[in-house]
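Participant: predicted structure and sequence below. I'll ask about it afterward.
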Amino acid sequence: MNETERYRFINRNRNWHPKALTPDYKTSIPRSPSQALVSIPQSLSEVTGPDFTHLTFGEHDHDLLLNFNHGGLPIGERIIVHGRVVDQYGNPVKNTLVEMWQANAGGRYRHKNDRYLAPLDPNFGGVGRTLTDADGHYHFRTVKPGPYPWRNGPNDWRPAHIHFSVSGPSISTKLITQLYFEGDPLIPLCPIVQSIANPDAVQTLIARLDMGMANPMDCLAYRFDIVLRGQRKTFFENV
């Protein structure tokens, strides 16, 4: 690939994203804009930095089995989640900050507003972070989150999922998405997933079982590659 092709601009496909107003996903009603969007010039601080290589990471920031340890291990199915962050041409995005957060194995978040009746796990905080390496690789060790009901409809449930945040080269380029797990029957039933009209876009959100990275007699592994922009891009949340 020549340098001109490497940096060729590819327009964003707006049809890839759901409409801002999706009535069956009830939270979108108050969130969606009621007037035409206005483009606001970005300030210098919004388009430069930060350099994440200067961050200080704890030994277990990427290991959710250990980073909230209070005398024991979390309850639940132990898993590895790993993958690569690459650009639209498959080039690795190195030294970028990848953050994740999730519910515990019972489907409850460690958040004051989560009132689901599942208990909190005293040894599970539900958050992690890491930097991609020179080849764009990242990995986390965690427990598989549980599904949970949510107040969207009389019996709506969120599939098991993990939230991901990928920080770009500036503050204004942070991207947020969700990972779902291969084979989960709740995926096609979720109103949030149903707001995505393109089935190929939905597939970019599904992590695949990766037995090659599993730890024998310990935990399974799931691969979730994140593609930034281009025709193979991972679907990102539009709010």
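Facilitator: Yep, it's here. Numbers count the residues shown, from 1 in each chain.
Participant: my read is Asp200 is in a strand, agree?
Facilitator: No - according to DSSP: H, G, I helix; E, B strand; the rest coil, the state of Asp200 is helix, so it is not within a strand.
Participant: look up how far Ile206 lies from it.
Facilitator: 11 Å (C-beta to C-beta, to the nearest Å). Backbone N, C-alpha and C define where each C-beta goes, glycine included.
Participant: near Pro41, how many other residues are there?
Facilitator: Neighbour count for Pro41, taken as other C-beta atoms under 10 Å: 6.
Participant: sorry, that was for Ser32
Facilitator: Ser32: 15 neighbours (other C-beta under 10 Å).
Participant: check Pro18 too.
Facilitator: If we define neighbours as other C-beta under 10 Å, then Pro18 has 21 of them.
Participant: change the start of the numbering to 782 and stick with it
Facilitator: In the new numbering, first residue 782, that becomes Pro799.
Participant: how near is it to Leu990?
Facilitator: On the measure of C-beta to C-beta, Pro799 and Leu990 end up 27 Å apart.
Participant: more crowded one of Asp981 and Ile987?
Facilitator: Taking neighbours as other C-beta under 10 Å, Asp981 and Ile987 compare with Ile987 leading, 17 against 11.
Participant: element containing the residue lying closest to that one once chain neighbours are set aside, please.
Facilitator: Leaving aside its chain neighbours, Ile987 sits nearest to Tyr961 (5.1 Å; criterion: C-beta to C-beta, 6 or more residues apart in numbering). Taking DSSP states H and E as the criterion, Tyr961 maps to strand 956-962.
Participant: the helix or strand following that strand: how far from the chain's middle?
Facilitator: Counting by DSSP H and E, the next helix or strand C-terminal to strand 956-962 is helix 972-975. Here helix 972-975 is found 16 Å from its chain centre; the criterion is C-alpha atoms, centre = their mean, to the nearest Å.
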